[in-house]
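**Student:** Following is a predicted model, sequence given first.
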Amino acid sequence: MIKVILMTDYSSEYDRSLLRGIMRYSKKYGPWSFYRLPGEYRSGEENLKELAQIAREWKADAIIGRWSDEDLKSIEDLHIPIVLLNYRKRSTVHSNITGDYIGTGVMAARYFYERHFSSFAFVGIAGVLWSDERYSGFRGEVSRLGGTLQRYDIKESGKKDMQSLYEWLKALPPRTAVFCCDDERALIVTDAYNIPFCKF
C-alpha cells in the first residue's frame, strides 16, 4: 500500500475538490493510505525536520503539500516524490498540482463577450501565479475580441484598500464585466455599494 503524507488546506472549495480527486485516484490506482498533518509543518526548519522524521518512521512513499517557498532540503533528503500545491509560483524542482489559469481567463472573457459586453475589468493580486495567469488569458482574449480592459490589483487589506477598490469600480464605464480573482473583497464592496457586478 502506498503511504502519502497530506499537507493541504481544507478551507476552500478548490482544496476540498482537490482532495476528492486525490481520493478518487487512490481508489482507482491504489489503495493508498494517508497521514494528514496540520499546516504548521509547512514552514520553519524545525517543523520540516519533524516532518522528515514522521515520514521516515511511517515509511511514507510521497508527500503532497502546499508550501510558499521551495526551501525543503530537510524533506528532500528523504528521496521520495514531493508534489507541491504552490499558488504563488510553480516549482522548477518538484512536481506541481496546478490549474489551467490562462484557460480560465480566456473562458471568462468569452463568457462575458457572449453576453454582449465590450468593456471588461479585472480584479486580482499582482505577483500571485493563479491571478497573473488568469489575467494573461483574460487580457489576450479581450484583445482578440476587440474589447477594452482595465485592471485593479489588490495590494493591501483593510479600509484603505476597500475604499480604493470601491472608487475604481465606481469609475468603470457602464456595463463593464468584472472578472474578479479576489472575490471576497470585491463582492463585499459591490454588495455594500450596490455596484452592478458580473462574477464569472
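**Tutor:** Okay, I see it. Numbers count the residues shown, from 1 in each chain.

**Student:** which stretches of the chain form helices?
**Tutor:** Listed in chain order, the helices of the chain (DSSP state H) span 13-29, 45-58, 73-76, 101-113, 129-145, 159-170, 183-193.

**Student:** Dump those helices into TSV; add mean neighbour count as well.
**Tutor:** Every residue, glycine included, has its C-beta placed from N, CA and C. Shown next, in TSV, are those (neighbours: other CB atoms under 10 Å):
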stretch	mean neighbour count
helix 13-29	12
helix 45-58	15
helix 73-76	16
helix 101-113	20
helix 129-145	19
helix 159-170	14
helix 183-193	15
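
**Student:** Least confident of those, on average?
**Tutor:** Per-stretch mean pLDDT for those is lowest at helix 183-193 (a mean of 54).

**Student:** Show the contacting residues for Tyr113.
**Tutor:** Going by CB atoms under 8 Å, 6 or more residues apart in numbering, Tyr113 touches Glu141, Leu145, Gly147.

**Student:** I figured Thr104 hits Gly137, correct?
**Tutor:** Yes. Taking CB atoms under 8 Å as the definition, Thr104 is a contact partner of Gly137 at 6.5 Å.

**Student:** quick one on the thing from earlier: which one of the contacts of Tyr113 sits closest to Leu169?
**Tutor:** For the contacts of Tyr113, the closest approach to Leu169 (CB to CB) belongs to Gly147, at 17.6 Å.

**Student:** Would you confirm that the closest one contacts His116?
**Tutor:** No. The pair Gly147 / His116 is not scored as a contact, 10.9 Å apart, by CB under 8 Å.
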